[in-house]
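Trainee: Take a look and give me a structure for this.
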Amino acid sequence: MGMIPKQTQAEQKISIGFLTVSFKRIMGLMITAAIAAVFARLMYKWVGIAFIVIACIIYLKLTSVAPNNPTKTFFKGLIDFVLYIFSRKTLYNSNSYEYIASENRRKEIADAKEKKQIDRKKSAHRK
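Mentor: Residues are numbered from 1 along each chain as shown. Next comes the predicted model:
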């Protein structure tokens with residue numbers, strides 16, 4: 001037997017009634033809670049407890065399914081969005097060579113169509 005690619009392997013899930021959670025999410029939640037508890041010791045007691053709860057909620061939200069792509073996590077979708085926002089976009093301004101060339105082509109096509117219409121009108125008047 002050959003090796004199974006990672007994408008086709010089934011996730012190990014734990015079912016508790018109607019709730020089904022993957023093993024990776026449970027382990028990540030425990031690690032997040034432990035790290036948050038270490039930082040919570042530096043705060044007042046009630047702030048520390050709130051910090052742990054908020055850290056766990058943020059972890060669960062970031063590891064949930066993205067709303068627009070069910071194959072990605074929310075965090076991966078958020079990273080893709082941020083990279084798209086900061087990526088260089090090839091929008092042409094009025095000074096670039098590509099914009100000037102496309103405008104010239106557009107004007108040539110419009111002039112050719114206009115000339116064709118004028119020729120048709122002249123030929124129609126001759127008949």
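Trainee: What does G77 show for phi and psi?
Mentor: phi -60, psi -40 (degrees, to the nearest 10).
Trainee: where in this structure is pLDDT low?
Mentor: The model of the chain has pLDDT under 70 over residues 1-2, 4-11, 14-20, 89-94, 125-127.
Trainee: Helices of that one, start to end?
Mentor: In the chain, the helices defined using DSSP state H lie at 23-40, 45-62, 74-86, 97-126.
Trainee: right, and those - which one's nearest M3?
Mentor: helix 23-40 (19.8 Å; Cβ to Cβ). Bear in mind the C-beta positions are built from the backbone N, C-alpha and C, glycine included.
Trainee: Check which helices and strands the closest one sits against.
Mentor: strand 13-16, helix 45-62 (3 or more Cβ pairs under 8 Å, 6 or more residues apart in numbering; DSSP states H and E).
Trainee: Please identify the buried residues of that helix?
Mentor: R25, G28, L29, T32, A36, A40 (16 or more other Cβ atoms under 10 Å).
Trainee: Would you mind measuring from the closest residue to the fourth one other than its chain neighbours to T71?
Mentor: Spelled out, it's T32. Excluding its sequence neighbours, the residue lying closest to T32 (Cβ to Cβ, 6 or more residues apart in numbering) is Y59, at 4.3 Å. With distances taken as Cβ to Cβ, to the nearest Å, Y59 is found 20 Å from T71.
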